[in-house]
Each structure stands twice: as structure tokens, then as C-alpha cells.
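*Asks:* Build me a model from this:
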Amino acid sequence: MAVFLVAVSLFMWVFPIEMNVLNSGYANLDALFILGPWVFLFLCPAVTMRLFAEENRTGTIELLLTKPLSDWQIILSKFLAGWFLTILTLLPTLIFYFSIHQLGSTPGNLDSGGTWGSYIGLLFLAGSYVAIGLFASSLTNNQIVSFILAVFLCFLVFIGLESASGVFSIDALETILIKLGINSHYLSMSRGVIDTRDVVYFISLIGTFILLTKTRLEARKW
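*Replies:* This is a model prediction of the structure:
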């Protein structure tokens, strides 16, 4: 959490680069929403890497599974805990929003619709990363392996599929790969338009990896 907040703060306010709010001369939070997905790419796997991997390593997973809890309750509680932690990480960045909103050359000269749309997109993106990280953690008893695997899967779903789409000359296949990736849906929400298709995509992605995690837990009983 500290790394996320420090990194974003340095790029937005300190480093003399184009993203720097003071140097750009524009009242917006674009730097936060450009950096956010990349920093979350490491933050969310770090949050989730121990959720099941450590349980598997120490053997406490067996004790947990004997409790009067369903697999769904165990998985969803761990998922919501990880997602809630990432939401707490984002809360301090609201200071940036209110600072730019009040300190612009014309107070309030800020695209609030686009900003809140980007925040919602970032929350859905974080939820997707957490679900992927939870699945990765269920595959191994080593938290470092879990972290590396989660980073790889998150990168693949975020930008990997979209990058791979350029290899194919078939337009339909290229469009499908782009739509399967997170980035196009995240950018769509960042424009301040909450499209039902984007919301359904994120919910489906989260649900898919939670279901895969449940399947992995059930495999221990086979």
C-alpha cells in the first residue's frame, strides 16, 4: 500500500515528467489512472499470494476445510478481504482529487464524470486482479511462486491478449482478443461512461477465476 501511494505521488507531483500535474498544466488525475493498473499488477498479487499458498504450506487448509464453512464462504471471504484492502489503498488518493478540484485556476475545473468513472474502473480492475491472484495462490504452497504466477496471469489478461491480437490478420479474431483483455474495458470506463457490457465483463472475469479457485479446492477431495 505504501509503495503504491509513494509511487503515484512521486510521478504525479515530484518527478519533472509529462505526467506531473504541476508541469502538465491540466487539472486531471490521468497519471493516477495510467499508473494504477501497472502498480496494482504487483500490489494485488502481493496481497493475495499467501491467502491459500500459506494455508497449503502449513497444512492449516485441512483444518479450515473441516470447519462448518462451505467452499464458497471460504473463497469469497478471502476474495473480499483482498479486494477491501486494495480499496483502502485507493482511499488516500481522494486527497489528490479534492486538491486538484480546489486548487485549479478555476476551482471545480475538473472532469468529475471521467474521474469517478476511472475510479470505478480501477476498483473493478483491482477486483479482477485479486480474483486472479486468489486462483494463483490456490495452485501452489509457495507464496513466491504464487506471486509470480499471479503477476503473469494479470499481465496476460490486462495487456497480453490485446498485444497478441496484432499478430493475427483476421479482424474478427483480433477484435475478440482485444475484448477479452481488461485494458479495453478499463479505458472505456475511464471515459466516464459506465457501459453495462464493461460491468458484465468484469463481473464475469471475477466470477470465472473464483469458480476456478473453487474447482481447485474441490480437487483436493477427489
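*Asks:* Tally up the residues packed near residue 87, please.
*Replies:* Residue 87 has 13 neighbouring residues, counting by other C-beta atoms under 10 Å. Backbone N, C-alpha and C define where each C-beta goes, glycine included.
*Asks:* ok, now which ones touch it?
*Replies:* For residue 87, the contact set (C-beta atoms under 8 Å, 6 or more residues apart in numbering) comprises 123, 126.
*Asks:* Show the pLDDT at it.
*Replies:* Note on residue 87: pLDDT of 91.
*Asks:* which residues sit in contact with the residue sitting nearest the centre point of the chain?
*Replies:* In the chain, the centroid-proximal residue (C-alpha atoms, centre = their mean) is residue 126; its distance is 2.3 Å. Contacts were defined as C-beta under 8 Å, 6+ apart; by that measure residue 126 touches 40, 44, 83, 86-87, 90.
*Asks:* do you know how far it is from residue 195?
*Replies:* Residue 126 sits at a distance of 19 Å from residue 195 (criterion: C-beta to C-beta, to the nearest Å).
*Asks:* next one: phi and psi at the closest residue to residue 92 other than its chain neighbours?
*Replies:* Nearest non-adjacent residue to residue 92, counting by C-beta to C-beta, 6 or more residues apart in numbering: residue 5, 5.8 Å away. Dihedral pair for residue 5: phi -70, psi -40, per degrees, to the nearest 10.
*Asks:* Quick check: residue 5 touching residue 93?
*Replies:* Yes. The pair residue 5 / residue 93 is scored as a contact, 7.3 Å apart, by C-beta atoms under 8 Å.
*Asks:* Compare those two (neighbour count), which wins?
*Replies:* Counted by other C-beta under 10 Å, residue 5 and residue 93 do not tie: residue 93 has more neighbours, with 19 against 15.
*Asks:* And for the more buried one, nearest residue in space, chain neighbours not counted?
*Replies:* Closest residue to residue 93 apart from its sequence neighbours, by C-beta to C-beta, 6+ apart: residue 32 at 5.9 Å.
*Asks:* Enumerate the positions of the helix or strand where the one you found lies that are buried.
*Replies:* Taking DSSP states H and E as the definition, residue 32 sits inside helix 30-48. Within helix 30-48, the residues that qualify as buried are 30-33, 35-37, 39-48, counting by 16 or more other C-beta atoms under 10 Å.
*Asks:* And the contacts of that helix?
*Replies:* Here helix 30-48 makes contact (C-beta under 8 Å, 6+ apart) with 1, 3-4, 7-8, 11-12, 19-21, 78, 82, 85-86, 89, 93, 96, 118, 121-122, 125-126, 129-130, 132-134, 136-137, 146-147, 150-151, 154-155, 158, 182-183, 186, 190.
*Asks:* After it, which helix or strand is next?
*Replies:* Criterion used, DSSP H and E; the element after helix 30-48 is helix 53-58.
*Asks:* Please work out the average pLDDT along that next one.
*Replies:* Taken as a whole, helix 53-58 has a mean pLDDT of 85.
*Asks:* For the nearest residue to residue 101 once chain neighbours are set aside, grab the count of nearby residues.
*Replies:* Excluding the flanking residues, the one nearest residue 101 by C-beta to C-beta, 6+ apart is residue 110, at 4.9 Å. Counted with other C-beta under 10 Å, the neighbours of residue 110 add up to 19.
*Asks:* All set now, cheers.
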